[in-house]
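Visitor: give me a model of this one.
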Amino acid sequence: MMFKAILSNRASPGYGQVTIPFPIPDSEYDHTIELLEDMGIGSPTAQDCQVDELDSEYPVLNRLVAQSVNVDELDYLAKRLDSFCAGEKEKFQAMASKLCLSDIKDFINLTFCCQQATVITDFSDLEQIGKAHTLTVSGESMSTEVFESLDYHAVALDLIQRGVGTVTPYGVVYANGMKLEQIYDGRHLPTHLHQMPQLMIELKSGPGGKTTGCLYLPCPDKQIQRTLERAGSGPEGYRMEIAMDGLPPQVSAVVSLTRDGLEDLNAMCRAIEPLDTEQREKLDAVVLLARPQYASEVRQLAENLDQFDFVPKPSNPDTDCALTELGYVAYHGSLTLDELMQDDPSEQYQQEMGGLA
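Guide: Numbers count the residues shown, from 1 in each chain. Now for the predicted structure:
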């Protein structure tokens, strides 16, 4: 958790307050949105959540208090900050202070460029200051030979004596020519991998095919429609493209954005996400055996993987099983494979048992 925010409805304070951790855990996202909706706030696009209090290890974010923000903007900012490496926290806060930033849009855009700044919080080690500054301005692309040949004590003295630093509560900051570019336009949240998804789907619209939104599957159910609404569309609507695919290979061959709905794809990814390497290999073999055509069928196979035996290499030629490209796979469930891949195989099973009775 990067911070906690106490939010309320500025227009209707009688609804009370709600405390939300950011980033919002996926398991709590749908419930959180429902809580906000009950208070008349939580729009996918509008800045309708008033920040009453903010508890964070980033004191500069207290500038958001008393402002109205969008809940998904807050969530995105928290994810960006959560991905920071060592030293970036100081750079973000010092540059926010130097630039007098207080708007959440500016805070989000600063996360993309604050890495260009140099911040000095301790002047006692000039050698280390010089090294850190050199790595920052070189983009860490300097050769080892050049890096080892420099006089970093002199580099630090030159930086300090030029007098271009700005004193902030978070250290003396040197912008190094950094400009606050408008990566985030206030509506379309830029692509950001907070964690590796099973599928990353970009939403593109307009004649140039601009990316206006991104789905990271699996995701909370409510996030799908909210992302689509936030992405918007041009006169011709939007199209979807798979930008990253972390699914098992045989599963990827089944997936189709034109044939499968987003909810089915999301449910499939949710079923596959917890599988370890061996289970994913087993699922690939089961897919070769069952030959599903839809994401919903793959989901059923993933959720019923324990009804199959899989041996990567032949071990018993007398086993009643089928040979796939990946090894031997045997199904020992009571339903047919076609029945197993239906939306509710347990219901089919109960019907058959009732008939036997």
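
Visitor: look up the closest residue to residue 7, ignoring the ones flanking it.
Guide: Distances taken as C-beta to C-beta, 6 or more residues apart in numbering put residue 49 closest to residue 7, at 4.4 Å, once the chain neighbours are dropped. Every C-beta, even on glycine, is put in place using the N, C-alpha and C of the backbone.

Visitor: which stretches of the stretch 151-300 of the chain form helices?
Guide: 152-161, 221-231, 249-254, 262-272, 277-290, 295-303 (DSSP state H, counting those that start in this stretch).

Visitor: for the record, mean pLDDT for the last one?
Guide: Pointing back at helix 295-303 there. The pLDDT scores in helix 295-303 average 97.

Visitor: which residues touch that helix?
Guide: 251, 254-255, 260-261, 264-265, 267-268, 271-272, 275, 283, 286-287, 290, 292, 340-343, 345 (C-beta atoms under 8 Å, 6 or more residues apart in numbering).

Visitor: give me the buried entries from the residues you listed.
Guide: The neighbour-count test (16 or more other C-beta atoms under 10 Å) marks 251, 254-255, 260, 264-265, 267-268, 271-272, 275, 283, 286-287, 290, 292, 340-341, 345 as buried among the contacts of helix 295-303.

Visitor: which stretches of the stretch 251-357 of the chain have low pLDDT?
Guide: Within the stretch 251-357 of the chain, the segments meeting pLDDT under 70 span 313-323, 345-357.

Visitor: now do residue 308 against residue 210, distance only.
Guide: Going from residue 308 to residue 210 by C-beta to C-beta, to the nearest Å gives 44 Å.

Visitor: okay, the two: which has more neighbours?
Guide: residue 308 (21 against 13; other C-beta atoms under 10 Å).

Visitor: mind listing what the more buried one touches?
Guide: So residue 308 contacts 282, 285-286, 289, 329-333 (C-beta under 8 Å, 6+ apart).

Visitor: let's see 10 Å
Guide: Going by C-beta atoms under 10 Å, 6 or more residues apart in numbering, residue 308 touches 282-283, 285-286, 289-290, 301, 321, 329-333, 337, 340.

Visitor: out of these, who has the most neighbours?
Guide: residue 286 (27 neighbours).

Visitor: wait, doesn't it sit right on residue 328?
Guide: No. Taking contacts as C-beta atoms under 10 Å, residue 286 lies outside contact range of residue 328: 11.5 Å.

Visitor: before we move on, the earlier item: from the contacts of residue 308, which is closest to residue 192?
Guide: Using C-beta to C-beta, residue 283 is the member of the contacts of residue 308 that lies nearest residue 192, at 28.3 Å.

Visitor: tell me where the stretch 1-150 of the chain is predicted with low confidence.
Guide: Across the stretch 1-150 of the chain, the ranges flagged by pLDDT under 70 are 140.

Visitor: go ahead and confirm residue 53 touches residue 19.
Guide: Yes. Using C-beta under 10 Å, residue 53 is in contact with residue 19, at 8.4 Å.

Visitor: so what sits against both of those two?
Guide: Common neighbours of residue 53 and residue 19 (C-beta under 10 Å, 6+ apart) are 4-7.

Visitor: which parts of the stretch 1-150 of the chain are strands?
Guide: Using DSSP state E, counting those that start in this stretch, the strands of the stretch 1-150 of the chain run over 3-8, 17-22, 49-56, 68-69, 118-120.

Visitor: tell me the angle the third one makes with strand 3-8.
Guide: When axes from the mean of the first three to the mean of the last three C-alpha atoms, to 10 degrees is applied, the directions of strand 49-56 and strand 3-8 differ by 150 degrees.
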